[in-house]
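Undergrad: sequence and predicted model, in that order:
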Number of protein chains: 2
Amino acid sequence: MSTNWSQRDTRRKTIPEFVEKARALRPALRHRSVAPVSARYQGELLTPGALAGRGLGRGDTVVLDYGDHHVGFITLTLKEEGGPTDAPAFLRLKMCENADELEEDSAQYDGWIGKGWLQEEWLHIDQLPAVLRLPRRYALRYLRLEVLDTSPNYRVLLAGAEIDAVTSAPECSVPPVDTDDPLLRRIDAVSLHTLEECMQEVFEDGPKRDRRLWIGDLRLQALVNASTFRNFDLVKRCLYLFAGLVREDGAVGSCLYAEPRLEVDNIFLLDYSLFFVPVLLDYARASGDAECLRELAPTAHRQLELARQYLGPDGVMEEEGRYVCFIDWKNGLNKQAAMQGVWLYALRQGIDLCRLTEDKARGDSYREWYEQGSRAAREVLWDEERSLFASGRERQFSWASQIWMCLAGVPEQPQAAALLDRAARQDDLVGMTTPYLYHHYVQALLECGETRCAAQALRRYWGGMIQRGADTFWELFDPEDPLASPYGSRMANSYCHAWSCTPAYLLRQYGELLREG
Amino acid sequence: MSTNWSQRDTRRKTIPEFVEKARALRPALRHRSVAPVSARYQGELLTPGALAGRGLGRGDTVVLDYGDHHVGFITLTLKEEGGPTDAPAFLRLKMCENADELEEDSAQYDGWIGKGWLQEEWLHIDQLPAVLRLPRRYALRYLRLEVLDTSPNYRVLLAGAEIDAVTSAPECSVPPVDTDDPLLRRIDAVSLHTLEECMQEVFEDGPKRDRRLWIGDLRLQALVNASTFRNFDLVKRCLYLFAGLVREDGAVGSCLYAEPRLEVDNIFLLDYSLFFVPVLLDYARASGDAECLRELAPTAHRQLELARQYLGPDGVMEEEGRYVCFIDWKNGLNKQAAMQGVWLYALRQGIDLCRLTEDKARGDSYREWYEQGSRAAREVLWDEERSLFASGRERQFSWASQIWMCLAGVPEQPQAAALLDRAARQDDLVGMTTPYLYHHYVQALLECGETRCAAQALRRYWGGMIQRGADTFWELFDPEDPLASPYGSRMANSYCHAWSCTPAYLLRQYGELLREG
């Protein structure tokens, strides 16, 4: 995710002891050397060994396939045929997460986010032979190498192109989910690999882009991690980072940079700040780390206090304006009702947090706030005529609103199931764009007991990416519009994105999914 | 110079003790830090300090002017305005030796030599602030920096762009030539700076291109060096390199690589091999280094012996075929007569070498070979009708032929002066392209006593480059055709080229030039 939500001149503060704890938890990365499994040279399929004997001259192009998605550092071993190297070799590299990207022309990029995200390099190599470790990290399955020029006297031999692949996921084999269904097994494996690729010095949102810690992604990553890799220290590190680098009023930021210095971005999305509460609660429950819970509970409570100031006199969250929130990338989405859902959802997590920390008085307040907010949602947002939740002054009907109302527990069973069923039969709802919101849809179905429907959605949506060749799950997937991008160009999209890795969690947490073949 | 003369699979041999001597003479480079003197930003002229405060975003272009030509390593100091750096900064750099190059578009390059010679880089910078020392060496007066993209959240500040300039010329001020004539003083200064820029770990031909040791250039560089910088060790190093890395039959190569390993190229130009004789002789005379003379004289003699095999039954050098030679870049030039001139010229140097080493028997042979060759030239190449030397079966008349016949002493005085005078009044001679041949023209005039004409030629030719803004003298200059290039594109031309630095020698060696205002 990348945004233009930045708030200029936001004053921030640092809590040094929290940052220090986070620093001490910086993980050692696990390294693995990966060689290409096949190569394509002028349309011909070759082994990498055979390619190493083909002299490459002006205009020649090679595509290496590493067989799977990898995150790491590329080392090229280049030799010469003929020679000596009487002019610098001039190469253009393009690193692609999937095969479609190989055909894209970066010269045509017209997105609004930085073109610098496109993974490409131009290299001049003054002398051959040469072993070149490229200094930047890439996310790729394919490497396209174009020889822009050599000289009439020599050609380049590509003797090696290894990836030093890195992750902070432990080297243990997480047992696959207990099913023989090949699609579910594949969805699970791709989910796990997606998370593994995003586990670096922090939980990154995507290893191609934005390569940093977003709390919206962290919440989902931490859920999957707890039931798979169980690298709890990495979750703890991220919690201390968010708690240690906050806005002056204590609001948790939406994203953080680990380099060149630890720094919280000036983006404060209200839903994301509130997610500090469930991330802390989930971590404490899964790890049993009472000390962290005790130290960071005040940060969690602060988010709920701060969010409360945006409630209108009717007890419902204002529309965006004084605050901004994320919810989904869908253009034109009115986020008021969904934001009310997130607020109530976070309050329920807050109530559980108070129970865990035996903070009865605060827990009672949260319960009261929750009851008020839930009632207000039913009174103000519920549309009697359509029997759906509406959002905003213009009474927009969207999937996001129905989903978050369900996750917040506003409609009780069996009304929640009926609501989602009714929503599915509408043809004018503002839809879902991101796997992130799609996860919440499936989770809402599961919590309503709509297992069959959840299994179908999971197979259709994540299975749709598998069908299109995904080795890792994508940042964006709209089955109706494969070229969709919130960035003005699909080229900037990330094809390995943390918020889409949740099937590995859902399939383990809701075992009934496995029985809904 | 760069060529397609390479001889494939030429067996070569190494004389380790010579190479070892060369290695031991590897010079320490002198470093000097150079900051830009002015900057141009969107058409506005600024101080570099003022530029440092201007935030640069997508599409912004800056041109830095370092005030003079420099060879070295660039360090960029980049900061951010706004931020944090939520997308990599993506920059394109272009290093230009002169202002004309700023307007050239490398995408249009269609030359036959490697496009890798064009000095440009594409950089992705993942984090700001950053201090980036670019790993490659450049030759430049101007640096063009284009911000291909940042992000909507930040702009780049160019806080510094220093050149770590390098040379192996000693830090001493060579006294300017003794004249008040501003043009001659400027020609002298630019000549000296040209040589200084080409003095690196070897005498390079050009610091932009080809960045290596060519013996044709070395001969002229050593002449200028002897009367200016007097870094004799560098000449000695180059002599030992050429003598230590030869063809299996002992032929001296035309050019050498110092990196990644010491290696002689597989190009053997006959005129260039013969130039080992004058380079050694000039060095021995200027430095008094008797040991080097004794050790390397056999290498010099071997070049004369090898060249002799290309004499035809008529006593004149064959046309190119069994051998290749350089002479000049002029298209369509027939090189037979000029090659005969170089052969005779080298023999005369060989005779002097024998005198210096008291090798009387060999000196007598050379004298006999010279007399035979000189007579053959007059009989076979002389064209009675036009009173000019002709070259080749097709009897081509060129400047190169007349010049080299004069330098070889084939026409004696005053016939030589008359010949050059007559040549100047023809309108159909194949002309001169390179400052290299132009140097030989001026030298021939001076040796015939045509001082006034030599002074005019020097002012017109080197002064022509000065008039067009040269800070260093160029590889190519054809006043009639400023776009000329032997490489199929002017973009590959070098604008600081050793073989054009000879006025600093001519003006000192032939003091009478200074009095021909």
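TA: Ah, there it is.
Undergrad: which residues does stretch A:353-369 contact?
TA: Taking contacts as C-beta atoms under 8 Å, 6 or more residues apart in numbering or on different chains, the residues outside stretch A:353-369 that touch it are A:277, A:280-281, A:284-285, A:293-294, A:297, A:300-301, A:304, A:308, A:347, A:350-351. Glycine gets a C-beta too; all of them are placed from N, C-alpha and C.
Undergrad: pull the most distant pair out of these.
TA: Greatest spacing in the contacts of stretch A:353-369, by C-beta to C-beta: A:285 and A:308 (24.7 Å).
Undergrad: what lines up beside the longest strand anywhere in chain A in the sheet?
TA: Longest strand in chain A by number of residues, with DSSP state E as the criterion: strand A:61-82. Partner strands for strand A:61-82, per DSSP bridges, with pairing direction: strand A:38-41 (antiparallel), strand A:130-133 (antiparallel), strand A:138-149 (antiparallel), strand A:154-167 (antiparallel).
Undergrad: so which of those strands is nearest residue A:267?
TA: It is, among the strands paired with strand A:61-82 and with distance given as C-beta to C-beta, strand A:138-149, at 22.5 Å.
Undergrad: can you name the next helix or strand after the lengthiest helix in chain A?
TA: Assignment by DSSP state H gives helix A:336-357 as the longest helix of chain A. As assigned by DSSP states H and E, the chain's next helix or strand after helix A:336-357 is helix A:360-376.
Undergrad: any buried residues in that next one, and which?
TA: Neighbour-count burial for helix A:360-376, counted by 16 or more other C-beta atoms under 10 Å in any protein chain shown, picks out A:362, A:363, A:365, A:366, A:369, A:370, A:373, A:374, A:376.
Undergrad: picking up where we left off before, ok, then the element right after the longest strand of chain A?
TA: strand A:89-96.
Undergrad: what separates that following strand from the chain centre, distance-wise?
TA: 27 Å (C-alpha atoms, centre = their mean, to the nearest Å).
Undergrad: related to what we said a few turns ago, mean confidence for the longest strand of chain A?
TA: Strand A:61-82 shows a mean pLDDT of 97.
Undergrad: with stretch A:367-380 instead?
TA: On average, the pLDDT along stretch A:367-380 is 98.
Undergrad: same check, this time on stretch A:500-511
TA: 97.
Undergrad: end-to-end on that stretch?
TA: One end of stretch A:500-511 to the other measures 19 Å (C-alpha to C-alpha, to the nearest Å).
Undergrad: what does stretch A:168-186 give?
TA: So stretch A:168-186: terminal residues 22 Å apart, C-alpha to C-alpha.
Undergrad: likewise for stretch A:105-119?
TA: 12 Å.
Undergrad: close to chain B, is that stretch?
TA: Yes - contact of stretch A:105-119 with chain B (C-beta under 8 Å from any C-beta of the partner chain) involves A:112, A:113, A:114, A:115, A:116, A:117.
Undergrad: which of those are buried, as a PyMOL select command?
TA: Of those, the buried ones can be selected in PyMOL as follows, counting by 16+ other C-beta under 10 Å:
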select buried, chain A and resi 113+114+115+116+117
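Undergrad: got a markdown table for the residues of stretch A:105-119 next to chain B, with pLDDT too?
TA: Putting the residues of stretch A:105-119 next to chain B into a markdown table (pLDDT from 0 to 100) gives the following:
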| residue | pLDDT |
| --- | --- |
| A:112 | 93 |
| A:113 | 94 |
| A:114 | 96 |
| A:115 | 97 |
| A:116 | 97 |
| A:117 | 98 |
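Undergrad: show me which pair in the residues of stretch A:105-119 next to chain B is furthest apart.
TA: A:112 and A:116 (12.8 Å).
Undergrad: any buried residues in stretch A:80-90, and which?
TA: Those would be A:80, A:82, A:83, A:84, A:85, A:86, A:87, A:88, A:89, A:90, for stretch A:80-90 by 16+ other C-beta under 10 Å.
Undergrad: and the third one, what is it in contact with?
TA: For residue A:83, the set of contacting residues under the criterion of C-beta under 8 Å, 6+ apart consists of A:128, A:153, A:154.
Undergrad: against residue B:11, how distant is it?
TA: 15 Å (C-beta to C-beta, to the nearest Å).
Undergrad: tell me who's in contact with whichever residue of the stretch 401-517 of chain A sits closest to chain B.
TA: Residue nearest to chain B within the stretch 401-517 of chain A: residue A:492 (9.0 Å; C-beta to the nearest C-beta). Contacts for residue A:492 (C-beta under 8 Å, 6+ apart) come out as A:109, A:111, A:113, A:117, A:118, A:209, A:485.
Undergrad: switch the cut-off to 7 Å
TA: A:111, A:113, A:117, A:209, A:485 (C-beta atoms under 7 Å, 6 or more residues apart in numbering or on different chains).
Undergrad: got it, and residue A:75?
TA: A:131, A:132, A:133, A:162, A:164.
Undergrad: and those residues as CSV, adding pLDDT?
TA: Output for the contacts of residue A:75, formatted as CSV (pLDDT from 0 to 100):
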residue, pLDDT
A:131, 97
A:132, 97
A:133, 98
A:162, 98
A:164, 98
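Undergrad: mind giving me the PyMOL command for buried ones among these?
TA: Buried residues within the contacts of residue A:75, by 16+ other C-beta under 10 Å, are selected in PyMOL with:
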select buried, chain A and resi 162+164
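Undergrad: among the contacts of residue A:75, which one lies nearest to residue A:196?
TA: residue A:164 (15.4 Å).
Undergrad: what about the closest residue to chain B within the stretch 251-400 of chain A, distance to residue A:168?
TA: Taking C-beta to the nearest C-beta, chain B has its nearest neighbour within the stretch 251-400 of chain A at residue A:260, 4.3 Å off. Counting by C-beta to C-beta, the separation of residue A:260 from residue A:168 is 20 Å.
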